[in-house]
Structure formats: structure tokens, C-alpha cells
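**Q** Below are the sequence and a predicted model; questions follow.
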Amino acid sequence: MDINFNKNEDHNKLLLSEMKRRLAKVKLGGGEKRIAKLHSQGKMTARERIDYLLDKDSKSIEIGAFVGDDMYKEHGGCPSGGVVVKIGYVSGKQCVVVANDATVKAGAWFPITAKKNLRAQEIAMENKLPIIYLVDSAGVYLPLQDEIFPDKEHFGRIFRNNAIMSSMGITQIAAVMGSCVAGGAYLPIMSDEALIVDKTGSIFLAGSYLVKAAIGESIDNEALGGATTHCEISGVTDYKSKDDKDALDTIKNVVDKIGDYDKAGFSRTKPEKPALEEKEIYGILPKARNEQYDMMGIIKRMVDNSDFEEYKAGYGQTIITGYARIDGWAVGIVANQRKVVKSKKGEMQFGGVIYSDSADKATRFIANCNQKKIPLVFLQDVTGFMVGSKSEHGGIIKDGAKMVNAVSNSVVPKFTVVVGNSYGAGNYAMCGKAYDPRFMFAWPSAELAVMGGTQAAKVLMQIEASSLKAKGEEINAEKEAELFEKIKKRYDAQVSPYYAASRLWTDGIIDPLDTRKWISMGIEAADHAPIEKPFNLGVIQV
């Protein structure tokens with residue numbers, strides 16, 4: 001190994017260490033004191049509930065762990081968006097589990113909480129997975145009600161989705177393990193089956209104080225909407241549980257009886273580990289954002305037995321395309337190549353840039369994967385499409401549009417991994433969030449933005465400097481450098497993978513060595529949902 005490999009390895013392991021440190025903090029939710037308070041009430045935390053529910057020693061992935069990161073500071077923060085979402089196995093069946101974190105503002109819903117809950121439901125609907133809600137929430141966070149209550153993608157969409165999923169035959173189970181108030185009371189009752197924990201669970205449209213104020217009736221919360229009331233009088237809930245574990249055991253028993261699902265039929269053989277050492281990914285991925293490296297080295301440390309059947313190897317070389325298997329599942333891989341290569345005409349092409357020939361190749365390959373019913377994996381390290389008169393005259397916009405068209409109309413499941421750069425239209429063509437990947441996740445080395453920090457800061461600095469000069473201010477070299485650093489610092493914060501993850505632009509930030517697990521579980525989830533429409537590119541410029 002050379003010195004650059006060691007430097008890269010140190011850098012990427014430091015990024016990974018920082019990610020794990022931040023994740024450990026996130027997992028404390030509202031903090032140790034609030035966790036202790038929850039335990040004193042005889043309740044488990046959201047994460048403890050999920051861990052108990054999921055099959056022991058089984059695989060799981062967490063969606064949106066960093067949601068809310070560094071947001072809502074004036075309101076005390078909202079770690080993980082106040083809700084924990086995992087995909088895992090309950091009684092051997094793959095499920096989506098959603099658990100309110102009562103240590104974060106009593107489980108109240110912030111705007112980002114609604115977005116994350118809707119994402120969980122979207123995953124369940126796209127993949128026809130059973131979804132389990134572990135409810136413990138004080139309802140809408142009132143100081144921000146205008147950002148969560150009335151719009152299309154706000155709180156009410158949750159119940160609309162409950163109804164749609166029911167009509168789709170997707171199993172929904174809800175356990176009320178704490179507060180469940182106001183509009184939130186509809187969620188468990190719109191699920192197929194509802195459980196409630198005695199003495200700690202309660203469901204009502206209005207609590208005792210509001211009832212007193214509204215109609216003058218004096219009644220305590222337990223009599224108003226506790227477990228005995230709803231299991232023996234109103235008939236709202238189906239199972240009365242003595243404590244959290246009893247409720248979770250009941251859910252396990254219910255899920256155990258669910259019948260098998262219709263399969264999409266994606267190809268899977270016996271899983272094999274990569275033949276090359278996976279951990280070498282840390283040393284291959286460069287520290288510098290503009291440094292060259294061979295993406296093929298990453299791919300061969302990610303796929304089964306390091307076998308990769310490259311498609312059109314000598315053409316459009318700034319994108320690598322080919323077939324492989326990941327944990328046994330057949331996949332088609334579309335990956336940016338971040339090294340300078342020679343085109344078919346003998347011209348040098350910059351790495352990480354999409355040229356006309358590479359866009360043309362990717363379009364054809366995506367169509368082939370749809371024809372063969374092979375899921376697609378996009379490995380993003382892209383700075384955008386090639387610019388300049390030569391590219392424009394050669395039809396880069398036309399060829400880029402064809403690739404975007406193919407990605408948009410693809411009917412096989414797509415999975416996007418942000419390895420490094422994810423800039424501008426390159427993000428779109430390589431199946432960014434707007435193009436409906438089943439999962440999109442980032443490595444700690446990722447950056448997502450219109451353009452890189454240095455380039456963007458130079459453009460913004462020139463605009464701001466011109467504005468100041470127009471106002472009569474003198475801008476010398478020192479002032480210009482100060483202005484540049486100020487703008488770059490602000491922009492760099494926005495291109496961070498944590499900034500993207502906190503807003504759910506990606507489903508998470510992961511250790512590169514967990515990529516195989518995420519893709520495998522993602523394809524297994526997608527296999528629950530047979531493809532219902534043919535692949536059709538529509539109208540394209542040829």
C-alpha cells in the first residue's frame with residue numbers, strides 16, 4: 001500500500017468515527033434524565049421497544065437517524081425527528097417499524113417528524129411491507145403548528161395514507177404505549193389491529209382539561225380514554241396489554257400469522273462475500289474531492305466474489321455500467337468514474353463528469369436492466385455534465401435528457417449511494433432523491449449541492465463583492481479573501497452529508513461496509529411489490 005492509501009484510510013476512518021460519535025448522541029434522544037423518567041413510569045424507550053420487537057440477532061437498517069440534526073435549536077432540538085424508524089424482521093417477516101420517542105418533547109410532532117413518518121409510510125406502500133406503529137405522542141408541537149397542520153404533505157396525510165394502505169392490503173398494526181391525542185388518535189384506529197397498554201396508554205380526541213373547558217365535564221384521563229375504557233366500553237382497541245413487553249409480544253404473535261407475499265421475482269442466488277478485502281474501500285476513496293481514483297476498485301470490494309460483468313467497457317468511460325450480485329441479489333450498477341480517461345476518439349475526459357457518450361451508454365444500460373427485471377444501483381461521485389461549446393454542439397443536453405428520461409421511467413427498484421460528490425444535474429441523472437430511489441443513502445465522505453464549496457464560494461463572493469462596490473465600498477485583496485472564507489464556511493455547512501440527512505434528502509449516513517446490507521434489505525423489501533407497469537421511455541430526442 002502507498003502513502004496516499006494510508007492517508008485516505010486515516011481520513012475516511014476519522015469521518016466514520018465522527019459519524020459514530022454523532023449517532024451515539026442522537027440515540028440518547030431527549031437525554032439520559034428523560035430516559036430515566038420514562039423507565040420510572042414502567043415504560044421502555046422507543047429504541048428499546050424496537051429492539052425487543054425485532055427478531056434477536058437479525059439484520060436491520062435505520063431510516064433517518066440524523067433527521068432533525070442541528071435543527072429547531074430555539075425549541076430545544078428534535079433528535080432523530082422525535083421518531084425512530086427501522087426496517088427489520090418481526091417473527092421472520094420484513095416490516096417497517098415506527099416508534100415515537102417520548103423523551104423528545106413528549107413525542108410531539110415537529111414539521112420534520114411528519115416528513116419522516118410520511119417517508120416510513122412511503123417505504124411501506126412502495127414495497128408493500130407490513131408497518132407497525134408504536135405510539136407514544138403528545139400530538140402536534142403547537143408552537144410550529146402552521147408548518148405541520150394544514151398542507152398536503154403535513155400531519156393529515158398520515159391518516160390518508162392509513163386508508164390507502166388498508167385498501168392496498170398492506171398490514172398495519174398500532175400499539176398505543178403512551179399518549180395518543182387529538183387527530184393522532186385516528187392513526188391506531190385506522191390500522192388493521194390496535195393494542196393499548198394498561199395504565200400508561202390513552203386515546204382521546206381531547207384530554208380531561210380540554211373536556212372540562214369545552215363542556216364542563218369532570219373526568220380523569222384513564223376513565224376518559226384508558227385501556228379498560230377502549231377495550232371494554234368503546235371497543236376502539238382490540239388488545240389490552242399489561243405492559244410494553246406484553247404488547248410487543250402480542251404484535252409478534254399477530255405478525256407470525258401473516259401469510260406469504262406475492263414476489264416481484266428478482267434473481268437471487270447464494271450470497272457470497274467479496275473476494276477482495278472490503279475494508280480497503282477506506283484507502284481507495286481519496287481525501288481530496290478532486291483527486292482521481294478508480295471506482296472499479298470500490299465496486300469489486302462491494303459485489304459478491306468481486307465478480308463484475310462490465311457493459312460497454314471501452315465506451316463512455318466516465319460512467320461504469322455492468323452486472324453483478326450483492327448478497328446474492330442480481331443488480332445493474334451505474335457508477336461515476338472519477339479518473340481521467342481517454343474517449344473513443346482519443347480525447348482526454350475529466351473524471352466525475354458525465355459526457356455525451358457516457359450518458360448514452362447509461363441510458364441503454366438502464367433500459368436493458370428494465371428489460372431483464374434487474375434492480376439498479378447508482379454509485380454517485382459526480383460533478384455534473386460536461387460544459388463548453390464542444391459539448392453543447394455535440395448535444396450534451398439531448399444525451400443528458402435521455403439519461404434523465406430513462407432514470408425517471410425506470411420501473412425496476414433503484415438504490416442510490418452517494419459515495420463522494422453529488423453536484424448539480426449530475427445528482428439528478430444519477431437517480432437523486434427527486435427520481436424515486438427506493439433508498440438513497442450517503443457515506444460520510446458525501447457532499448450534496450448545486451456545485452462544490454470552492455466553486456460556489458467564488459461565484460457568490462464575486463456577486464457580493466460587486467454589490468458592495470456598487471454601494472461605494474472599497475474591496476481590497478484582504479477583504480476579498482475574508483469575504484470568500486466567510487461564504488465558503490456557510491456553503492460548506494450546507495453541502496455536508498449531515499445537512500442533507502437532517503432534512504431527509506437522504507435516508508441516512510452509513511459506514512461504507514454496511515452498503516451491501518442496505519442494498520440487500522432494500523431489494524428484499526422491493527421483492528414484496530411485483531412490477532405492475534411496462535418500461536416506456538416516452539418521447540426522446542435521438
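**A** All right, it came through fine. Numbering: from 1, shown residues only.

**Q** So what does the residue nearest in space to the middle of the chain have for phi and psi?
**A** The residue lying closest to the centre of the chain (CA atoms, centre = their mean) is D507, at 1.2 Å. Torsion angles at D507 (phi, psi; degrees, to the nearest 10) stand at phi -80, psi -10.

**Q** list the contacts for it?
**A** By CB atoms under 8 Å, 6 or more residues apart in numbering, the contact list for D507 reads I63, G64, R119, F439, M440, F441. Placement of C-beta: from N, CA and C, glycine included.

**Q** tell me the SS of the third one?
**A** It stands for R119. When classified by DSSP: H, G, I helix; E, B strand; the rest coil, R119 comes out as helix.

**Q** That one is in contact with I87, isn't it?
**A** No: judged on CB atoms under 8 Å, R119 makes no contact with I87 at a distance of 11.5 Å.

**Q** which of the residues in the helix or strand of the chain with the lowest mean pLDDT are buried?
**A** When the helices and strands of the chain are scored by mean pLDDT, DSSP states H and E, helix 389-393 comes last with a mean of 71. When burial is assessed from 16 or more other CB atoms under 10 Å, helix 389-393 yields the following buried residues: S391.

**Q** Could you do stretch 227-242 as well?
**A** The neighbour-count check on stretch 227-242 (16+ other CB under 10 Å) flags A227, T229, H230, C231, V236, T237, D238, Y239, K240, S241 as buried.

**Q** re the thing from before, contacting residues around the least confident helix or strand of the chain?
**A** For helix 389-393, contacts defined as CB under 8 Å, 6+ apart pick out Y355, S356, F385.

**Q** Give me the spatial nearest neighbour of the second one, chain neighbours excluded.
**A** Meaning S356. D399 (4.2 Å; CB to CB, 6 or more residues apart in numbering).

**Q** Need the CA coordinates for whichever strand or helix holds that neighbour. PDB is fine.
**A** Of the helices and strands defined by DSSP states H and E, D399 is found in helix 396-409. Taking C-alpha atoms only, helix 396-409 is exported to PDB below (Å, rounded to 0.1, in the frame of the first residue of the first chain):
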ATOM      1  CA  ILE A 396     -24.900  17.100 -24.300                       C
ATOM      2  CA  ILE A 397     -28.300  18.400 -23.300                       C
ATOM      3  CA  LYS A 398     -30.100  15.900 -25.600                       C
ATOM      4  CA  ASP A 399     -28.000  13.000 -24.300                       C
ATOM      5  CA  GLY A 400     -28.300  14.100 -20.700                       C
ATOM      6  CA  ALA A 401     -32.100  14.300 -21.200                       C
ATOM      7  CA  LYS A 402     -32.200  10.800 -22.500                       C
ATOM      8  CA  MET A 403     -30.500   9.500 -19.400                       C
ATOM      9  CA  VAL A 404     -32.800  11.500 -17.100                       C
ATOM     10  CA  ASN A 405     -35.700  10.100 -19.100                       C
ATOM     11  CA  ALA A 406     -34.500   6.500 -18.600                       C
ATOM     12  CA  VAL A 407     -34.000   7.000 -14.800                       C
ATOM     13  CA  SER A 408     -37.400   8.700 -14.400                       C
ATOM     14  CA  ASN A 409     -39.300   6.000 -16.300                       C
END
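
**Q** helix or strand right after it?
**A** Under the assignment DSSP H and E, the closest C-terminal helix or strand after helix 396-409 is strand 414-423.

**Q** Centroid-wise, who is the farthest residue in the chain?
**A** Farthest-out residue of the chain from its mean C-alpha position, per CA atoms, centre = their mean: G472, at 47.3 Å.

**Q** what about it, distance to E482?
**A** Distance from G472 to E482, counting by CB to CB, to the nearest Å: 18 Å.

**Q** Ok, L285 next?
**A** 33 Å.

**Q** more neighbours, these two?
**A** Neighbours were counted for L285 and for E482 using other CB atoms under 10 Å; L285 has more, 25 against 13.

**Q** gap between that one and D381?
**A** For L285, the distance to D381 (CB to CB) stands at 9 Å.

**Q** Give me the common contacts of these two.
**A** Here L285 and D381 share the contacting residues V419, G420, scored by CB under 8 Å, 6+ apart.

**Q** CA-only coordinates of the helix or strand where R21 lies in PDB, if you can.
**A** Using DSSP H and E, R21 sits in helix 3-26. Written as PDB, here are the backbone C-alpha positions of helix 3-26 (Å, rounded to 0.1, in the frame of the first residue of the first chain):
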ATOM      1  CA  ILE A   3       1.400   6.600   1.400                       C
ATOM      2  CA  ASN A   4      -1.800   8.000  -0.300                       C
ATOM      3  CA  PHE A   5      -3.700   4.800   0.600                       C
ATOM      4  CA  ASN A   6      -2.700   5.200   4.200                       C
ATOM      5  CA  LYS A   7      -3.700   8.900   4.200                       C
ATOM      6  CA  ASN A   8      -7.000   8.200   2.600                       C
ATOM      7  CA  GLU A   9      -7.700   5.400   5.100                       C
ATOM      8  CA  ASP A  10      -6.900   7.600   8.100                       C
ATOM      9  CA  HIS A  11      -9.100  10.400   6.700                       C
ATOM     10  CA  ASN A  12     -12.100   8.100   6.000                       C
ATOM     11  CA  LYS A  13     -11.900   6.300   9.300                       C
ATOM     12  CA  LEU A  14     -11.900   9.700  11.100                       C
ATOM     13  CA  LEU A  15     -15.000  10.600   9.200                       C
ATOM     14  CA  LEU A  16     -16.600   7.300  10.200                       C
ATOM     15  CA  SER A  17     -15.600   7.800  13.800                       C
ATOM     16  CA  GLU A  18     -17.200  11.300  13.800                       C
ATOM     17  CA  MET A  19     -20.400   9.700  12.300                       C
ATOM     18  CA  LYS A  20     -20.500   7.100  15.100                       C
ATOM     19  CA  ARG A  21     -19.900   9.700  17.700                       C
ATOM     20  CA  ARG A  22     -22.800  11.800  16.400                       C
ATOM     21  CA  LEU A  23     -25.000   8.800  16.100                       C
ATOM     22  CA  ALA A  24     -24.400   7.800  19.700                       C
ATOM     23  CA  LYS A  25     -25.600  11.200  20.800                       C
ATOM     24  CA  VAL A  26     -28.700  11.000  18.600                       C
END
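
**Q** List of residues touching it?
**A** Helix 3-26 is contacted from outside by 65-66, 69, 79-80, 281-287, 444-445, 498, 509, 511-512, using CB under 8 Å, 6+ apart.

**Q** Likewise for stretch 530-542?
**A** Here stretch 530-542 makes contact (CB under 8 Å, 6+ apart) with 262-265, 367, 370-371, 373, 395, 398, 401-402, 405-406, 409-412.

**Q** now do stretch 344-363
**A** Applying CB under 8 Å, 6+ apart, the contact partners of stretch 344-363 are 292, 311-312, 314-319, 321, 334, 336-343, 381-386, 391, 394-396, 399-400, 402-403, 405-406, 420-421, 426, 429.

**Q** repeat that with 7 Å
**A** Taking contacts as CB atoms under 7 Å, 6 or more residues apart in numbering, the residues outside stretch 344-363 that touch it are 292, 312, 315-319, 321, 334, 336-343, 381-386, 391, 394-396, 399-400, 402-403, 406, 421, 426, 429.

**Q** Just the endpoints, please. Distance across it?
**A** By CA to CA, to the nearest Å, the extent of stretch 344-363 from end to end equals 18 Å.

**Q** hmm, back to that, now, of the contacts of stretch 530-542, which are buried?
**A** A264, A367, N370, G395, A401, K402, N405, A406, N409, S410, V412.

**Q** Need the per-residue pLDDT for G395.
**A** At G395, the model reports a pLDDT of 69.

**Q** hmm, I was thinking of A442
**A** Looking at A442, its pLDDT reads 98.

**Q** surely it meets T506?
**A** Yes: here A442 lies in contact with T506, judged by CB atoms under 7 Å, at a distance of 4.8 Å.

**Q** tell me which element K86 is part of?
**A** Going by DSSP H and E, K86 is part of strand 83-90.

**Q** List the strands paired with that strand, with their directions.
**A** Sheet pairing of strand 83-90 (DSSP bridges) gives strand 61-63 (antiparallel), strand 93-100 (antiparallel).
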